[in-house]
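> kindly return the folded structure for what I paste below:
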Amino acid sequence: MGTWTPDNQTAPVTPAAGKSKVWVDSTTKKLAVTDDGGIRHGQLSKNFSTASQSPAVSTDVYLTNSGILIPSFGMEAGQRYSWVFTATKTATGTTAYVATLRLGVNQSVADTARATLTAPQVQSNVVSHAIFFVEVLVRNVSATGQLIAAINCASNQGTTAAGFGGGVVNVPATFDNTAVAGQYLGLSINTQAGAWTIDALYAKLES
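Model prediction:
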């Protein structure tokens, strides 16, 4: 069987009933499927970092390669943006970390903050290890669009990593999310006084 070499393209029109269209997005270069209800499916974008990162303490730092490129058709209700990263902390810091979801083209803290997640408990001054999970669900797309954002962290035993503090959900203020194709939704972290090392990060958009 020969290889298939499709042209990259913007989202096709909705196919006829009983049909689906398979195509490659011109922005993210990822394979997508449009069903006969006009819904796009697939792992539509991804990013990752395997380099160790040590964010400066008490500083809001954009995590390298955390930006998820939004496809040519923009945001859609039901899209799920997610980040997973591993972290260790030293026996420092007794303040609550703050994670911020940022939208823009810079992939830096210059991008607009769209959701802020402040840990509900302060960090403990003990050495700790954790896996962090960050999720953003697009609730709706309009001039008053809205996201639902959440963060949580767990130890390798599956319990909350108490040294870091717990997780939190936030439904932030609405904003116009109708024309964000080609922008990045990324993650910045202010570890406050906690000295963190992030060893790996994986980010993706699914729908």
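> burial measure for Asp7, as a count.
7 (other CB atoms under 10 Å). Backbone N, C-alpha and C define where each C-beta goes, glycine included.
> brain fart, Gly38
11.
> and Thr3, by the same measure?
Thr3 has 4 neighbouring residues, counting by other CB under 10 Å.
> so where's this structure shaky on pLDDT?
1, 156-162 (pLDDT under 70).
> just checking, what packs against the longest strand seen in it?
Selection of the longest strand in the chain by residue count, based on DSSP state E, yields strand 128-140. Here strand 128-140 touches strand 80-89, strand 98-104, strand 146-154, going by 3 or more CB pairs under 8 Å, 6 or more residues apart in numbering; DSSP states H and E.
> ranking those by burial, who's on top?
Here the criterion is mean neighbour count by mean count of other CB atoms under 10 Å, and of those the winner is strand 98-104, at a mean of 22.
> buried residues of the longest strand of the chain, list them for me.
Going by neighbour count (16 or more other CB atoms under 10 Å), the buried part of strand 128-140 is Ser128, His129, Ala130, Ile131, Phe132, Val134, Val136, Leu137, Val138.
> quick check, nearest of those residues to Ser66?
Using CB to CB, Val134 comes nearest to Ser66 of those, at 8.9 Å.
> wait, that closest one sits on Tyr97?
No: counting by CB atoms under 8 Å, Val134 does not reach Tyr97; the two are 11.9 Å apart.
> which neighbours do the two have in common?
By CB atoms under 8 Å, 6 or more residues apart in numbering, Val134 and Tyr97 have no common neighbours.
> ok, the longest strand of the chain: who's next to it in the sheet?
Strand pairing for strand 128-140, determined by DSSP bridges: strand 80-89 (antiparallel), strand 146-154 (antiparallel).
> quick one: which of those is nearest Gly182?
Comparing these under CB to CB, the one sitting nearest is strand 80-89, at 15.1 Å.
> CA atoms of the closest one as PDB?
Extracted in PDB, the C-alpha atoms of strand 80-89 (Å, rounded to 0.1, in the frame of the first residue of the first chain):
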ATOM      1  CA  ARG A  80      -9.900  19.900  26.000                       C
ATOM      2  CA  TYR A  81      -6.400  21.400  26.400                       C
ATOM      3  CA  SER A  82      -4.200  19.500  28.900                       C
ATOM      4  CA  TRP A  83      -0.800  19.600  30.400                       C
ATOM      5  CA  VAL A  84       1.100  17.000  32.400                       C
ATOM      6  CA  PHE A  85       4.500  17.800  34.000                       C
ATOM      7  CA  THR A  86       6.700  16.200  36.700                       C
ATOM      8  CA  ALA A  87       8.100  18.400  39.500                       C
ATOM      9  CA  THR A  88      10.300  18.200  42.500                       C
ATOM     10  CA  LYS A  89      10.700  20.800  45.200                       C
END
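> what angle do strand 98-104 and that strand make with each other?
Interaxial angle of strand 80-89 relative to strand 98-104 (axes from the mean of the first three to the mean of the last three CA atoms, to 10 degrees): 140 degrees.
> great, nothing more from me.
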